[in-house]
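Visitor: Take this sequence and fold it.
(chains A and B)
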Amino acid sequence: MSKIRVRFAPSPTGFLHIGGVRTALFNWLFARHSGGSFVLRIEDTDRDRSTDEAIQVILEGMKWTGLDWDEGPIRQTDRLELYREKAMDLFHRGLAYWCVCTSEELETRRKDAQSRGESIKYDGRCRNRGISEPTEQAALRFIAPQEGQTVVHDLIKGDITFDNSVLDDLIILRSNGYATYNFSVVVDDGLMNISHVIRGDDHVNNTPRQVPLFQALGFSVPQFAHLPMILGSDKARLSKRHGATSVLAYQEMGYLPEALVNYLVRLGWSHGDQEIFSIKEMVEHFDFKHVQSSAAVFNPEKLKWVNAQYIRNNEPQQVAEALMPFLKKAGYDETAIAKIPGGVQALIPPLRERSETLLDVVDGAAPYLVESMPMDEAAATKHLTEAIVPRLKEFADAVEAEPDFSKETLERLLHGLIERQGLKMGKVAQPLRVALTGRTVSPGIYEVMALLGKERTLQRIRAAVERAWART
RNA sequence: GGUCCCAUCGUCUAGGCUGGUCUAGGACGGCACCCUCUCAAGGUGCAGACACGGGUUCAAAUCCCGUUGGGAUCACCA
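Guide: You can find the predicted model right below:
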């Protein structure tokens, strides 16, 4: 049994798509599971649409998601000469021929055939012309078998049988001398000894066209595994219309790479009822037997839930590290962060229970990172009433007089106040919350005070008291 | 239109290969209740699916055929 080698072969014509990441992930998982190699190949033979920038974005996306490759990135544009040689080799062996039909002619013939309700495949008119040295623009076509059947053994879908009569004599070298996709893929997969071609099932119909090419070129035919598509909520192929589809967009929205990967692995693959997988577990359990053969709808709500699981369960330090760039981006510098007793890490435990993304954490952290926070006017009017404000002042005085600022002490002081005044906890905690954070929603009131520190806690209560009195 | 693929709760899925243990399990989302200083988190519970029709069989979500529905693909794009 030869070594397992797989590849991910994106074309750099845009950003790295969610669907692409899932394909890359399954390749990566299979390679890691079986101790094989994962090759990254950039299919940039479409020189009009491929950009270096897009290549960088792909590499960045791969790095962010943690899908590391063993070989590459290999660019097809570095191998153009190779494809040409292989194509000419086929020609010299009589397995390919020059075709001088222009694309315009082909186009009109296709239309005619279609309007007559006939097959729109190439009619093969240049097949027997025996052009050995084309004097005009010519493309090289591969002589596809027309008899019998081609059976593709797919690890996910089982055997798929195609009648060879549907096969086209496909162009392997364009008239501009460059190889086409279907040809360069086969040459590369063959030369790179790819043992398993794992790709989206939009390639199923390409497979019977490629198999004879592998054979003609003298390569052994790899095994195939065609992954089901990822759909949008309307069951149409996932696209921009369905919201973000670029991986890096998810990074920006505050998703953790391990969460995205976890969500994606469950889109089309399962291991019993398990939902949350560490990378190690995924690698250990991954197999094609449990890959779904039907398409899956991308569900942003569940992705959020998975992300929340990781935010809540990762080490606080780890979450804090991931959070830092977001805080910087939101405009908080070291001095702002230094205001919090305990630093960034202290923010994580109280805030993460109420956050699904890192952006939520940043938002929740706002009141503790600034000198004076914006006040929700409606909340102030409702909660900072004349009746309660003296109680807040009383509480502040008590806190100030106490040298200790621990939760236990604060709890004792607040409960003392409540009992003396015959109040309910909610009657005091909510105004306190508004005074301290400017909002009606926050972590527990003692956690808020801990994040603020004694100094700012007193300051804010006093400011709120002043404000309320000034208003009357 | 040709060819190919697919079909379990709204969504992701378990089960299907090796029919009975499935009056179909889990998760997201929804709803209700509990907990509670707000919001969450957490806990408990509820609603919710084998596309349809034929077979095969003592027995079918599971096997076979057909229908319907969805998707992919038919380029000198990848």
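Visitor: For the rest of this, base every contact and every neighbour count on C-alpha atoms.
Guide: Noted.
Visitor: where along the stretch 1-150 of chain A do the helices fall?
Guide: Taking DSSP state H, counting those that start in this stretch, the helices of the stretch 1-150 of chain A run over residues A:18-34, A:52-65, A:80-92, A:103-115.
Visitor: Of all these, which one is nearest RNA strand B?
Guide: Between RNA strand B and the helices of the stretch 1-150 of chain A, the tightest spacing by Cα to the nearest atom of the strand is seen for helix A:103-115, at 4.2 Å.
Visitor: Quick one: residues in contact with the closest one.
Guide: With contact meaning Cα atoms under 8 Å, 6 or more residues apart in numbering, helix A:103-115 is reached by A:S119, A:I120, A:K121, A:Y122.
Visitor: Could you do stretch A:143-157 as well?
Guide: Contacts of stretch A:143-157 (Cα under 8 Å, 6+ apart): A:95-97, A:127, A:159-170, A:207-209, A:211-212, A:223-227, A:288-289, A:291-293.
Visitor: Pull out the buried positions in that stretch.
Guide: Across stretch A:143-157, burial judged by 16 or more other Cα atoms under 10 Å covers A:I143, A:A144, A:P145, A:T150, A:V151, A:V152, A:D154, A:L155, A:I156, A:K157.
Visitor: Straight-line length of stretch A:93-108, end to end?
Guide: 31 Å (Cα to Cα, to the nearest Å).
Visitor: In that stretch, which residues are buried?
Guide: Neighbour counts over stretch A:93-108 (16+ other Cα under 10 Å) mark A:L95, A:A96, A:Y97, A:W98, A:C99, A:V100 as buried.
Visitor: can you narrow these to ones near RNA strand B?
Guide: Subset of those in contact with RNA strand B: A:C99, A:V100, counting by Cα under 7 Å from any atom of the strand.
Visitor: As a markdown table, the buried residues of stretch A:93-108 with pLDDT and distance to A:L80 would be great.
Guide: Shown next, in a markdown table, are these (pLDDT from 0 to 100; distance: Cα to Cα, whole Å):
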| residue | pLDDT | distance to A:L80 |
| --- | --- | --- |
| A:L95 | 94 | 20 |
| A:A96 | 94 | 18 |
| A:Y97 | 93 | 19 |
| A:W98 | 93 | 19 |
| A:C99 | 91 | 20 |
| A:V100 | 88 | 22 |
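Visitor: Point out the most buried one among the helices of the stretch 1-150 of chain A.
Guide: Across the helices of the stretch 1-150 of chain A, averaging neighbours per residue (mean count of other Cα atoms under 10 Å) puts helix A:18-34 on top, at a mean of 23.
Visitor: does A:Q274 count as helix, strand or coil?
Guide: coil (DSSP: H, G, I helix; E, B strand; the rest coil).
Visitor: which residues does it contact?
Guide: Contacts of A:Q274 by Cα under 8 Å, 6+ apart: none found.
Visitor: Which of the contacts of stretch A:143-157 fall within helices?
Guide: A:T207, A:P208, A:R209, A:V211, A:P212 (DSSP state H).
Visitor: Among the residues you listed, list the two that are farthest apart in space.
Guide: Using Cα to Cα, the pair of the ones in helices among the contacts of stretch A:143-157 lying farthest apart is A:T207 and A:P212, separated by 9.2 Å.
Visitor: circling back to that earlier point, of all the ones in helices among the contacts of stretch A:143-157, which comes closest to A:A463?
Guide: Using Cα to Cα, those come closest to A:A463 at A:T207, 71.8 Å.
Visitor: Please report phi then psi for the closest residue to that closest one other than its chain neighbours.
Guide: Nearest residue to A:T207 in three dimensions, chain neighbours excluded: A:V152, at 7.3 Å (Cα to Cα, 6 or more residues apart in numbering). Main-chain dihedrals, A:V152, degrees, to the nearest 10: phi -100, psi 120.
Visitor: distance of A:V152 from A:L213?
Guide: In this view, A:V152 and A:L213 are 13 Å apart by Cα to Cα.
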